[in-house]
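Undergrad: pasting the sequence and the predicted coordinates here, then a few questions.
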Amino acid sequence: MGWRSPHPELSLGETPILSSPGAGSSLSLVSTTEVSPATVEAPTEDLDVLIVGAGISGIGAACHLRSRCPGKTFAILEARDAIGGTWDLFRYPGIRSDSDMFTLGYSFRPWEDPRAIADGPSIRAYVRDTAREHGVDRAIRFHHRVVRAEWSTPEARWSVEVERTDTGETVRLSCGFLQICTGYYRYDEGYTPTFAGAERFGGPIIHPQHWPEDLDYTDKRVVVIGSGATAVTLLPAMAGRAAHVTMLQRSPSYIVALPSVDPLAERLRDRLPPRIVYSILRWKNVLLMLGSFRVARRWPEFAKRVVRRGIAKHLPPDYELDAHFEPEYEPWDQRVCLVPDGDLFAVMNAGEAAIVTDRIETFTETGIRLASGAELEADIIVTATGLNVQAIGGARISVDGREVELSDTVAYKGMMLSGVPNLALTLGYTNASWTLRCDLVSEYVCRLLNHMDERGYAQCTPKAPPPSVAIKPFLDLKSGYVQRSLDALPKQGTRPPWQLHQNYPLDRFLMKTSRMEDEGIEFSRAGRGVREPERVAA
Ligand SMILES: Cc1cc2nc3c(=O)[nH]c(=O)nc-3n(C[C@H](O)[C@H](O)[C@H](O)COP(=O)(O)OP(=O)(O)OC[C@H]3O[C@@H](n4cnc5c(N)ncnc54)[C@H](O)[C@@H]3O)c2cc1C
């Protein structure tokens, strides 16, 4: 579908959009018309910024935009009917964070609960309360899935095609800047490998991404396939009520037990104001996390010994640590699993749960036959086998009529794409809490928008690095879900501004202080010619 000029004069009608019409002024509600699919040709509304996704990063982006760019009109387009993204979607027993809330929380809103590891509903409430307190909840258009975004250089605008997930209608909006906050995985289906004989199994086979609300596992034998954060969460959460829970893993992961309540938070909370306590805990955890990551990368053998000693403390002396807790990869080649208060080991010691390390030969009518010949009896099988990575929420993007393949682009400052104007991807860290980086990206977007306004620019287009800069994959985790997706992700360069740092203090310094106009980005005023998209050699 080609680009049509925006027709803001059509913007009168029912759906409220949030518009913040000037510094210091109060918010106003503007109304817009819903147009039937037959008549939807041109954008029905034109906004300064469209944020895609109302998860933790989309709500954060909107809060930053409201406070730092008060004159900008914006809306949040959300495919589902709820705020919270991951923290609303996942409903499996025990769902919780696996990084601490003092860093998973927003920079601008303290997490005041002393629990460092929080359950899903508490995180969902925190995101919703933030949206409400900052007044950005009224800017959300639920049931709006972005399917295409087309950039026009002559117009210096994105034309965004949206599918109404409730009515099936197509709506078109336009904007000057697109901030993508769609997370990193597919919402419609999790990753499940093909298991031989799966159709023979007599009981339910459940993926944690689609947990049935009414699933009764009381006195049932449950086998959880997987070894990641979800599997180690499910075991203690289901044990006790289930007859028995077995975690069946092909190979072990690194597991670290930590206190769920931060002792320093307990000590400080009655003595200092919440903001100061939050800031202290946040920096303590950022530095601890970064320090342990660096140590693990530099001295992997030492890190392995520390992790192993930590596990051994919780299990009987004759437990087969080598078989079930000795990963085949180095620490931080994949995310490390966190176990609050050693809850996993407690249910193992109580005989309510166990870990089996083996390969699946086939599902049977009554369970799973393993390569070793052993049989695991099961009434319910849970496939905690991961996610399907998806960038930009599955939307297609084009620039001046040319489709953009993400793998042909190089990320600029880890947040924009070479050859793609006025678009930011809000992606978090893989070795630290997601929100730490999302906050930085959103702040940077605000700096960028204000800079463009000050200089009268309409377009900013990141450039691909010169041939002297080597290109490498966007992510360096060896996890299956990352490896399966590398072809669908942008690349990164080996030096700034094309390098993606997994380092919050460094990023924080660079994102807050680096020059807006550098060798990696080009600014122009409206309608200055059509650029050829830049391609990167594979
Ligand atoms: C079970 C689980 C536990 C996790 N625990 C942690 C943790 O402890 N710490 C950590 O740092 N990270 C964790 N993560 C990673 C986690 O996803 C991020 O921390 C964070 O919640 C992602 O937030 P987000 O807003 O960027 O994306 P999401 O939470 O994925 O939200 C994206 C939103 O965008 C919407 N959307 C997607 N596509 C479109 C589209 N085309 N149009 C419109 N809307 C769209 C979705 O409906 C959704 O509401 C966890 C992930 C999972 C799955």
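TA: Ah, there it is. Numbering: from 1, shown residues only.

Undergrad: any idea how far residue 222 lies from the ligand?
TA: According to CB to the nearest ligand atom, to the nearest Å, residue 222 stands 18 Å off from the ligand. In short, each C-beta sits where N, CA and C put it, glycine included.

Undergrad: actually residue 491, not the one I typed
TA: In terms of CB to the nearest ligand atom, residue 491 sits 21 Å off from the ligand.

Undergrad: quick one, what contacts that residue?
TA: 407, 409-411, 471-474, 536 (CB atoms under 8 Å, 6 or more residues apart in numbering).

Undergrad: what about the top helix by length along the chain, near the ligand?
TA: In the chain, taking DSSP state H as the definition, the longest helix is helix 274-298. No: in terms of CB under 6 Å from any ligand atom, no part of helix 274-298 sits within range of the ligand; the closest distance is 10.4 Å.

Undergrad: need the residues that contact that helix.
TA: Here helix 274-298 has contacts from 99-100, 102-103, 105, 107, 110-112, 116, 262, 264-265, 268-269, 272, 302-303, 330-332, 431-433, 436, 502-505, using CB under 8 Å, 6+ apart.

Undergrad: okay, now the sheet partners of the longest strand along the chain, with direction.
TA: If you go by DSSP state E, the chain has its longest strand at strand 170-180. If you go by DSSP bridges, strand 170-180 pairs up with strand 45-52 (parallel), strand 157-164 (antiparallel), strand 423-425 (parallel).

Undergrad: what's the spacing between the second one and its chain's center?
TA: So that's strand 157-164. 22 Å (CA atoms, centre = their mean, to the nearest Å).

Undergrad: what do you get for the first one?
TA: For strand 45-52, the separation from the chain centroid amounts to 21 Å (computed by CA atoms, centre = their mean).

Undergrad: how about the helix or strand following it and the ligand, touching?
TA: As assigned by DSSP states H and E, the chain's next helix or strand after strand 45-52 is helix 56-68. Yes: shown here: helix 56-68 in contact with the ligand (CB under 6 Å from any ligand atom) through 56-58.

Undergrad: could you pull up the mean pLDDT of the longest helix of the chain?
TA: When pLDDT is averaged along helix 274-298, the result is 94.

Undergrad: for the residue nearest the centre of the chain, give its distance to the ligand.
TA: Residue closest to the average C-alpha location in the chain (CA atoms, centre = their mean): residue 183, at 3.6 Å. Using CB to the nearest ligand atom, residue 183 is found at 2 Å from the ligand.

Undergrad: can you pull out the strands in the stretch 351-500 of the chain?
TA: Secondary structure of the stretch 351-500 of the chain (DSSP state E, counting those that start in this stretch): strands located at 353-357, 360-364, 367-370, 375-377, 380-383, 396-399, 402-403, 411-412, 416-417, 423-425, 459-462, 471-473, 491-493.

Undergrad: least reliable of these going by mean pLDDT?
TA: Across the strands of the stretch 351-500 of the chain, the lowest-scoring stretch is strand 471-473, with a mean of 92.

Undergrad: which ChimeraX command selects the buried ones in the contacts of helix 274-298?
TA: Command for ChimeraX, covering only those of the contacts of helix 274-298 found buried under the criterion 16 or more other CB atoms under 10 Å:
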select :99,100,102,103,105,107,110,111,116,262,265,268,269,303,331,332,431,432,433,436,502,503,504
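
Undergrad: overlap between the contacts of helix 274-298 and the residues near the ligand?
TA: Among those, the ligand is touched by 99, 433 when using CB under 6 Å from any ligand atom.

Undergrad: among the contacts of helix 274-298, which ones are in helices?
TA: Checking the contacts of helix 274-298 against DSSP H, those in helices are 102-103, 264-265, 268, 302-303, 436, 504-505.

Undergrad: how about the residues of this structure near the ligand?
TA: Residues of the chain lying close to the ligand (CB under 6 Å from any ligand atom) are 52-58, 77-80, 85-86, 90, 97-99, 104, 145-146, 181-183, 187, 230, 393-395, 428, 433-434.

Undergrad: by mean pLDDT, point me to the weakest helix or strand of this structure.
TA: Of all helical and strand segments in the chain, the minimum by mean pLDDT, DSSP states H and E falls on strand 28-32, at a mean of 28.

Undergrad: now do the contacts for residue 414.
TA: Here residue 414 is in contact with 427, 437, 441, 492, 499-501, 507 (CB under 8 Å, 6+ apart).

Undergrad: closest to residue 167 out of the residues you listed?
TA: residue 427 (30.7 Å; CB to CB).

Undergrad: got the domain boundaries for this structure?
TA: Listed by automatic domain parsing, the domain ranges of the chain are 14-187+389-524, 198-383.

Undergrad: most packed of those domains?
TA: domain 14-187+389-524 (a mean of 20; mean count of other CB atoms under 10 Å).

Undergrad: mind checking how far that domain is from the chain centre?
TA: Distance of domain 14-187+389-524 from the chain centroid (CA atoms, centre = their mean) equals 11 Å.

Undergrad: can you check stretch 362-371 too?
TA: 34 Å.

Undergrad: picking up where we left off before, sort the contacts of residue 414 by pLDDT and name the bottom one.
TA: Model confidence across those bottoms out at residue 501, which has 88.

Undergrad: look up phi and psi at it.
TA: The phi/psi pair for residue 501 (degrees, to the nearest 10) reads phi -90, psi 130.

Undergrad: pretty sure it sits against residue 511.
TA: No: Residue 501 is beyond contact range of residue 511, at 9.8 Å (criterion: CB atoms under 8 Å).

Undergrad: intersection of neighbour lists for the two?
TA: In contact with both residue 501 and residue 511: no residue, using CB under 8 Å, 6+ apart.

Undergrad: next, count neighbours for the closest residue to residue 193 other than its chain neighbours.
TA: Leaving out its chain neighbours, the residue that sits closest to residue 193 by CB to CB, 6 or more residues apart in numbering is residue 385, at 6.0 Å. By the criterion of other CB atoms under 10 Å, residue 385 has 22 neighbours.

Undergrad: does residue 385 really touch residue 192, like I thought?
TA: Yes: with contact defined as CB under 8 Å, residue 385 reaches residue 192; the gap is 5.5 Å.

Undergrad: for these two, list the residues in contact with both.
TA: Residues touching both residue 385 and residue 192 (CB under 8 Å, 6+ apart) are residue 207.

Undergrad: quick one: low-confidence parts of the chain?
TA: 1-41, 527-538 (pLDDT under 70).

Undergrad: the ligand versus residue 214, what's the distance?
TA: For residue 214, the distance to the ligand - CB to the nearest ligand atom - is 21 Å.

Undergrad: offset the numbering so it begins at 395, please.
TA: All right, first residue 395 from here; so that's residue 608.

Undergrad: assumed that residue was part of a helix.
TA: No: Residue 608: not assigned to a helix; according to DSSP: H, G, I helix; E, B strand; the rest coil it is coil.

Undergrad: identify the residues contacting residue 811.
TA: Counting by CB under 8 Å, 6+ apart, residue 811 has contacts 798, 800, 803-805, 817, 819, 856, 884.

Undergrad: with distance to residue 439 added, can I get the residues you listed in JSON lines?
TA: Output for the contacts of residue 811, formatted as JSON lines (distance: CB to CB, whole Å):
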{"residue": "798", "distance to residue 439": "24"}
{"residue": "800", "distance to residue 439": "27"}
{"residue": "803", "distance to residue 439": "28"}
{"residue": "804", "distance to residue 439": "32"}
{"residue": "805", "distance to residue 439": "29"}
{"residue": "817", "distance to residue 439": "18"}
{"residue": "819", "distance to residue 439": "23"}
{"residue": "856", "distance to residue 439": "27"}
{"residue": "884", "distance to residue 439": "29"}
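
Undergrad: tell me the one among those nearest to residue 515.
TA: residue 819 (28.1 Å).

Undergrad: so that closest one sits against residue 578, correct?
TA: No: using CB under 8 Å, residue 819 is not in contact with residue 578; the gap is 9.6 Å.

Undergrad: what's the overlap in contacts for the two?
TA: By CB under 8 Å, 6+ apart, the residues touching both residue 819 and residue 578 are residue 785.
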